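J.: The following comprises the amino acid sequence and a computationally predicted model.
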Amino acid sequence: MLYCQHSLQAQKYLEVNMRFSKMFIPTLREAPSDAEAISHILMTRAGYVRQLASGLYIFLPLGWRVLNKINAILKEEMEKIGAQEISMPILHPAEIWQQTGRWDVIGDEMFRLKDRTGRDMCLGMTHEEIMTWLASKEIRSYRDLPQTWYQIQTKLRDEARPKSGILRTREFSMKDSYSFDASDEGLEKNYQLHADAYHKIFSRCGLKFMQVESDPGMMGGATSHEFMAPSPAGEDEVAICPGCGYSANVELALSVPVKTEPKDWNKEEVHTPEKRTVKEVSNFLKLSPAYFIKSILVIADKTPVLAMVRGDQDLHEKKLANVIGIHRPALKTEVKEILGVEAGFIGPAGQTIRIVADNCLKEGMYISGANKPHYHTKGIKAGQDFNAEWHDIHSAKSGDLCTKCGNPLGIERVIEIGNIFKLGTKYSAPLKAVFLDEEGNEKPIIMGSYGIGPARIAAAAIEQSNDKDGIIWPKSIAPFDAELLPLNMNDPKTVKIAEKLYSELSARGIDVLMDDRAERAGVKFKDADLIGIPVQIILGEKNLKEGLVEIKNRKTKEAVKVKIEEVVGKVKG
RNA sequence: CGGGGCGUAGCGCAGCCUGGCUAGCGCACCUGCCUUGGGAGCAGGGGGCCGGAGGUUCGAAUCCUCUCGCCCCGACCA
């Protein structure tokens, strides 16, 4: 009996919450002026989110429903690969972060605080440390492995620059999972299971996406991939080869710049008065920038390094950092001091400092600074005029050739929606998360970590699917399956049929939002399109007189008239 | 952190340069009438510490200084 009362109440509550007149859906006719990204504008206008402060967002009922839909998919696919859901604190003691060294490595991006006793604490930006701590306490034997634990948990990062609405925030929810294995083979398997699960997740969420090679960065470990949703609103770029399928974040994408027609110059010094940049000199000498060497002096750990790329290429800081470590550009005064000539006329010839040069400079003849004010040297050749450490340190750009198959690469802007890392023992070793193998040897657990940002999925879905009228949700993550639009709430017949359809659809497990407001038809249409529920069921007086209602597809705008009795079947199918 | 922009009603904006009536417009909101297939119409109404502090001035939304917040570009992004 008690149970019955409860469920009756629940039923009533549910119904109230599916009526537009009762639900909190504050739609806006105009977008706030500080919104720029389409997803940000539409989520705000359609009443999905509100901003509390920079990088902090409130999810309103519609927005929260979308996140829950996404989370449900995440959970299903995680459980399918044997991951077990747990929940970790977001307030962490400093010691654990100190043990892995990240307490010191990570800078202002970590929120730090002290508890009342003065103990250092931080807010979790990710959970490798805490997950590993747990494993270190509980895992003893190879028999306890493998394990995969996951959570959908809040992360906090004091971002240098929150941006694009919900895409880059200081507090966000993340599905993060962690695998613990006794062997590299085990990790490989879990890594692959996650990659497969991620493909299913993003497909189910209706996204266009791709998996690309990525830079493990400070996460450590050897291998990592990112899942990217193509969109101009993204902040990453990937290089894609249409020939062999090679795809990688431009931070590490390898490419071969298109070769230039070989020149056979005699070495000579050319007077280039006041011409300093590659652009200036190449215009002055009427030669393509590709015949020049761009030399950039940087300071790494107090020692100078001369980095060189071809004149038509750009140096990629991250690629260079992977070779020489953290570095900064040299000051103008340092250039003069170290190389003996002002910036603009520096070149590799005769220099004795460390030189790191882009692979493509190995071949060909170039023009470079003569290390003498207002002069450049024509006819410089690698091996003859200078020696260097050879690496791919240029930014891959559209039209560069694939290192694997030689086809021209394309560059695409993307939103990062997920990543997977092979961590190895980076965290288990310092935190002493170890196990005994069959022979009784103590070994560190082999780990992987895997993240997905649900809010980014939502934002990416909107970025990829919208029109001038509003959002067009993929069915799977829409806040409702269908929206009922009784156009004239003053017409008793309309109301009666709307109520009937509403309860019939609900009874069949279809989530319906009924726009029961006493608004005019135009307002309801506009809001329905803005909110973006995939199916609109339109109840107009004229059609109802003939026993018909209209079912309209939000995406295609196609509408079909069907008999009232057929609505449920039609929507369900 | 560097560069740029903006803070005036819930939202979008004007006014500021060249100081001076009661700070204004559109939308939204409230009341009534009317209307009901693409953000209707008429009439009436409520809502503001002009981001904050200090200064200049007889007088500051407006000029000056400081400060806080938000957005964009860059740096950064485990």
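T.: Arrived safely, thanks for sending.
J.: ok, the nearest residue to A:Arg161 once chain neighbours are set aside - contacts?
T.: Setting aside the residues directly before and after it, A:Arg161 is nearest to A:Arg168 in space (CB to CB, 6 or more residues apart in numbering), at 7.5 Å. The C-beta positions use only the backbone N, C-alpha and C, and glycine is treated the same way. By CB atoms under 8 Å, 6 or more residues apart in numbering, A:Arg168 lies in contact with A:55, A:159, A:161-162, A:235.
J.: for A:Pro479, helix, strand, or coil?
T.: At A:Pro479, secondary structure determined by DSSP: H, G, I helix; E, B strand; the rest coil is coil.
J.: likewise the one 5 residues further on?
T.: Secondary structure assignment for A:Leu484 (three-state DSSP): strand.
J.: Please name the bridge partners of it.
T.: Bridge pairing for A:Leu484 (DSSP bridges) gives the partners A:Met514, A:Ile537.
J.: ok, it touching A:Glu499?
T.: No - the pair A:Leu484 / A:Glu499 is not scored as a contact, 9.4 Å apart, by CB atoms under 8 Å.
J.: Out of the two, name the residue with the larger neighbour count.
T.: Shown here are A:Leu484 and A:Glu499; by other CB atoms under 10 Å, A:Leu484 has more neighbours (30 against 14).
J.: per-residue pLDDT, the more buried one?
T.: As predicted, A:Leu484 sits at a pLDDT of 97.
J.: what's the answer for A:Arg276, then?
T.: pLDDT, A:Arg276: 84.
J.: Check the gap between the residue nearest to it when sequence neighbours are not counted and A:Leu287 for me.
T.: Ranked by CB to CB, 6+ apart and with sequence neighbours excluded, the top spatial neighbour of A:Arg276 is A:Gly344, at 2.8 Å. Separation of A:Gly344 from A:Leu287 (CB to CB, to the nearest Å) stands at 17 Å.
J.: cool, and A:Phe345?
T.: A:Phe345 sits 17 Å away from A:Leu287, taking CB to CB as the criterion.
J.: Kindly report the same for A:Ile531.
T.: Using CB to CB, A:Ile531 is found at 58 Å from A:Leu287.
J.: cool, A:Leu28 as well?
T.: 55 Å.
J.: of the two, who's got more company?
T.: Applying other CB under 10 Å to A:Leu28 and A:Leu287 shows that A:Leu287 carries more neighbours, namely 16 against 12.
J.: Quick check: that one touching A:Ile367?
T.: Yes - shown here, A:Leu287 and A:Ile367 form a contact pair, counting by CB under 8 Å, at 7.0 Å.
J.: Regarding chain A, what is its longest strand?
T.: Taking DSSP state E as the assignment, the strand of chain A that covers the most residues is strand A:410-424.
J.: Okay, buried residues for that one please.
T.: Residues of strand A:410-424 classed as buried by neighbour count (16 or more other CB atoms under 10 Å): A:411-412, A:414-424.
J.: Show the average pLDDT along the helix or strand following that strand.
T.: As assigned by DSSP states H and E, the chain's next helix or strand after strand A:410-424 is strand A:434-436. What strand A:434-436 shows for mean pLDDT is 98.
J.: and strand A:434-436, how far from the chain's centre?
T.: Offset of strand A:434-436 from its chain centre (CA atoms, centre = their mean, to the nearest Å): 35 Å.
J.: where along the stretch 301-450 of chain A do the strands fall?
T.: Taking DSSP state E, counting those that start in this stretch as the test, the strands found in the stretch 301-450 of chain A are A:303-310, A:328-329, A:354-358, A:365-372, A:375-381, A:389-391, A:410-424, A:434-436, A:442-444, A:446-452.
J.: next one: the stretch 1-150 of chain A
T.: Taking DSSP E, counting those that start in this stretch as the test, the strands found in the stretch 1-150 of chain A are A:49-53, A:56-59, A:84-85, A:91-93, A:112-114, A:120-123, A:147-156.
J.: my read: A:Arg328 touches A:Ile299, true?
T.: Yes - counting by CB under 8 Å, A:Ile299 is a contact partner of A:Arg328 at 5.5 Å.
J.: which stretches of the stretch 451-573 of chain A have low pLDDT?
T.: Along the stretch 451-573 of chain A, the model assigns pLDDT under 70 to no residue.
J.: Walking through it, point out its helices one by one.
T.: For the stretch 451-573 of chain A, the helices defined by DSSP state H, counting those that start in this stretch cover A:454-464, A:492-507, A:521-531, A:541-545, A:567-572.
J.: Figure out which of those helices is closest to RNA strand B.
T.: helix A:521-531 (2.5 Å; CB to the nearest atom of the strand).
J.: re earlier: output those of the contacts of A:Arg168 also counted as contacts of RNA strand B.
T.: Residues of the contacts of A:Arg168 in contact with RNA strand B (CB under 7 Å from any atom of the strand): A:55, A:159, A:161-162, A:235.
J.: Looking at those residues, spot the one nearest RNA strand B.
T.: The shortest approach to RNA strand B among the ones next to RNA strand B among the contacts of A:Arg168 belongs to A:Arg161, at 3.3 Å (CB to the nearest atom of the strand).
J.: Quick check: bridge partners of A:Glu171?
T.: For A:Glu171, the beta-bridge partners under DSSP bridges are A:Leu156.
J.: go on, A:Val49?
T.: A:Phe59.
J.: residues contacting it?
T.: Neighbour list for A:Val49: A:43, A:57-60, A:63, A:165-166 [criterion: CB under 8 Å, 6+ apart].
J.: which of those residues are buried?
T.: For the contacts of A:Val49, buried by 16+ other CB under 10 Å: A:43, A:57, A:59-60, A:63, A:165-166.
J.: Spell out which residues of the stretch 301-450 of chain A are next to RNA strand B.
T.: So the stretch 301-450 of chain A meets RNA strand B at A:317-318 (CB under 7 Å from any atom of the strand).
J.: so which pair among the contacts of A:Val49 is furthest apart in space?
T.: Using CB to CB, the two most remote members of the contacts of A:Val49 are A:Leu60 and A:Gly165, lying 13.6 Å apart.
J.: tally of neighbours for whichever residue of the stretch 351-500 of chain A sits closest to RNA strand B?
T.: At 3.1 Å from RNA strand B, A:Asn488 is the closest residue in the stretch 351-500 of chain A, using CB to the nearest atom of the strand. A:Asn488: 17 surrounding residues under other CB under 10 Å.
J.: isn't it right up against A:Lys542?
T.: No - here A:Asn488 lies out of contact with A:Lys542, judged by CB under 8 Å, at a distance of 10.4 Å.
J.: Would you reformat the contacts of A:Val49 as TSV and include pLDDT and distance to RNA strand B?
T.: Converted to TSV, those look like this (pLDDT from 0 to 100; distance: CB to the nearest atom of the strand, whole Å):
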residue	pLDDT	distance to RNA strand B
A:Met43	97	13
A:Tyr57	96	9
A:Ile58	96	13
A:Phe59	97	16
A:Leu60	96	13
A:Gly63	97	17
A:Gly165	94	7
A:Ile166	95	11
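J.: just for chain A, where's the confidence low?
T.: A:1-17, A:217-221.
J.: Report the beta-bridge partners for the spatially most central residue of it.
T.: Taking CA atoms, centre = their mean, the centroid of chain A lies closest to A:Glu416, which sits 1.5 Å from it. Bridge pairing for A:Glu416 (DSSP bridges) gives the partners A:Met228.
J.: coming back round to it: any idea which of the strands of the stretch 301-450 of chain A is most buried?
T.: Neighbour counts (mean count of other CB atoms under 10 Å) averaged over each of the strands of the stretch 301-450 of chain A peak at strand A:446-452, with a mean of 26.
J.: Just the CA coordinates for that one, please, in CSV.
T.: This file holds the C-alpha atoms of strand A:446-452, laid out as CSV (Å, rounded to 0.1, in the frame of the first residue of the first chain):
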residue,chain,number,x,y,z
ILE,A,446,50.3,-1.8,-15.2
MET,A,447,47.8,1.0,-15.6
GLY,A,448,45.7,2.8,-18.2
SER,A,449,43.4,5.7,-17.9
TYR,A,450,40.5,6.7,-20.0
GLY,A,451,38.4,9.9,-20.0
ILE,A,452,35.2,11.2,-21.6
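J.: Right, I'll call it a day here.
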